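Colleague: Sequence unavailable; structure follows:
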């Protein structure tokens with residue numbers, strides 16, 4: 001699914017310049033959208049093709065409790081820093 005350069009980017013994203021990193025993120029997101037559509041198609045037609053949904057999940061390495069999960073998993077945000085110069089503007 002990923003090209004060799006995309007795999008290198010995923011392995012070490014900090015070694016790529018910002019403009020290249022942006023390009024790779026865009027390409028990877030598009031591939032993920034396509035992959036999601038294909039997995040959805042497989043899951044909808046499991047009975048017709050005689051492959052169990054669990055078999056599909058096992059092959060892609062997902063457990064069945066993740067199916068249908070709508071929340072977005074993101075890395076935690078960086079810690080908020082307090083700036084003394086802005087303290088007078090805070091309403092605590």
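Modeller: Nice, thanks for sending it over. This structure is a prediction, so every number in the text was calculated from the model and none was measured.

Colleague: by contact count, what packs against the longest helix belonging to the chain?
Modeller: Scanning the chain for the longest helix, with DSSP state H as the assignment, gives helix 18-44. Packed against helix 18-44 by the contact rule (3 or more C-beta pairs under 8 Å, 6 or more residues apart in numbering; DSSP states H and E) you find helix 4-11, helix 53-60. C-beta: built from backbone N, CA, C; applies to glycine.

Colleague: mind checking which of those is nearest residue 41?
Modeller: Nearest to residue 41 among the helices and strands packed on helix 18-44 is helix 53-60; the distance by C-beta to C-beta comes to 10.5 Å.

Colleague: Lowest mean pLDDT across the helices and strands packed on helix 18-44, which one is that?
Modeller: Lowest mean pLDDT within the helices and strands packed on helix 18-44: helix 53-60, a mean of 85.

Colleague: Could you tell me the angle between it and helix 18-44?
Modeller: 160 degrees (axes from the mean of the first three to the mean of the last three C-alpha atoms, to 10 degrees).

Colleague: Could you list every helix and strand in contact with helix 53-60?
Modeller: With contacts defined as 3+ C-beta pairs under 8 Å, 6+ apart, helix 53-60 has these neighbours: helix 18-44.

Colleague: Just give the number of residues close to residue 46.
Modeller: Number of residues near residue 46 (other C-beta atoms under 10 Å) recorded here: 14.

Colleague: List the contacts of it.
Modeller: By C-beta atoms under 8 Å, 6 or more residues apart in numbering, the contact list for residue 46 reads 52-53, 56.

Colleague: Alright, calling it a day.
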